[in-house]
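**Student:** please find the sequence and the predicted model below.
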Amino acid sequence: MMVDIVEYSNWGSIEVIVGPMYAGKTEELIRRVNRARIADLKVLVFKPTIDNRYASDKVTSHNGKQLECSVIESPQEILDCIAKEAFDVLAIDEVQFFGEEIIKICQEAAQQGKRVIVSGLDMDFRGEPFSVTPNLMAIGEYVTKLTAICKVCKMPATRTQRLVNGQPARYSDPIIMVGAKESYEARCRKCHEVIE
Ligand code: ADP
Ligand code: TMP
Ligand code: MG
Ligand code: ZN
């Protein structure tokens with residue numbers, strides 16, 4: 001995979017892994033973290049507390065792959081941690097749940113020569129840019145946009161369908177709603193639906 005080239009650079013950079021739910025963002029983050037550790041790099045892994053779907057103290061993929069991590073309430077905890085601990089790689093899953101401060105933290109770490117790996121949703125259930133992810137995509141050196149498989153037509157899925165009692169969610173519904181198979185499925189542009 002093209003992006004593995006960054007493993008050979010020793011200057012800082014930001015890698016951004018995006019796509020809809022079930023695209024394999026978390027699996028890809030775990031894969032990169034594991035490879036960095038095989039290369040004897042010190043990796044710090046974080047995820048926001050809001051994501052409590054599976055194991056609360058681990059980054060967890062939809063097919064059960066896991067990685068120990070620090071679960072944090074606010075990006076300030078990353079700053080506190082990186083001020084104390086030596087590290088080479090900073091990895092953050094579910095980055096869309098953080099506010100603007102996360103961008104500055106990623107930029108500063110990269111500026112200091114660190115490898116920053118973030119993963120998150122590029123679009124919300126409405127199919128609109130989600131929180132900080134689009135800005136991170138703009139400033140990151142390496143952007144990997146993954147697709148899932150559309151639940152309806154089985155073609156590549158770029159969007160996430162939210163379902164409420166089996167029906168498409170409304171545009172006016174709240175953006176943040178933690179969930180998995182009971183509320184969300186991967187869909188392509190053609191099959192994705194939002195009720196006005
Ligand atoms: P993400 O973090 O992007 O939501 P994960 O890495 O947690 O994705 O999970 C990816 C895994 O989800 C796949 O390897 C596959 O086993 C599973 N999966 C479930 N539904 C789908 C789907 N519609 N398309 C692709 N993979 C799916
Ligand atoms: P995932 O990308 O690792 O599958 O996790 C995405 C999380 O984001 C999941 O808990 C559902 C949540 N989510 C929202 O809060 N709002 C949305 O619009 C979408 C699509 C997902
Ligand atoms: Mg994930
Ligand atoms: Zn489709």
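**Tutor:** Received, thanks. Ligands and ions are numbered 1, 2, ... in the order given.
**Student:** average pLDDT for the longest helix seen in the chain?
**Tutor:** Taking DSSP state H as the criterion, the chain has its longest helix at helix 25-38. What helix 25-38 shows for mean pLDDT is 97.
**Student:** so what strands line up beside whatever helix or strand comes next after it?
**Tutor:** Using DSSP states H and E, the helix or strand that follows helix 25-38 towards the C-terminus is strand 43-48. Using DSSP bridges, the strands paired with strand 43-48 in its sheet are strand 70-72 (parallel), strand 89-92 (parallel).
**Student:** can I get the ones you listed in JSON lines including mean pLDDT, distance to ligand 3 and mean neighbour count?
**Tutor:** In short, each C-beta sits where N, CA and C put it, glycine included. As requested, these are arranged in JSON lines below (pLDDT from 0 to 100; distance: least, C-beta to the ion, whole Å; neighbours: other C-beta atoms under 10 Å):
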{"stretch": "strand 70-72", "mean pLDDT": "94", "distance to ligand 3": "14", "mean neighbour count": "15"}
{"stretch": "strand 89-92", "mean pLDDT": "98", "distance to ligand 3": "11", "mean neighbour count": "24"}
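**Student:** in CSV: these, plus distance to residue 60.
**Tutor:** Rendered in CSV, the data for the strands paired with strand 43-48 read as follows (distance: least, C-beta to C-beta, whole Å):
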stretch, distance to residue 60
strand 70-72, 11
strand 89-92, 14
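**Student:** kindly reformat those strands as CSV containing distance to ligand 4.
**Tutor:** As requested, these are arranged in CSV below (distance: least, C-beta to the ion, whole Å):
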stretch, distance to ligand 4
strand 70-72, 34
strand 89-92, 30
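**Student:** number of residues surrounding the residue in the chain positioned nearest to ligand 3?
**Tutor:** Residue of the chain nearest ligand 3, by C-beta to the ion: residue 26 (3.2 Å). Using other C-beta atoms under 10 Å as the criterion, residue 26 is surrounded by 25 other residues.
**Student:** pretty sure it is touching residue 59, no?
**Tutor:** Yes: judged on C-beta atoms under 8 Å, residue 26 makes contact with residue 59 at a distance of 6.0 Å.
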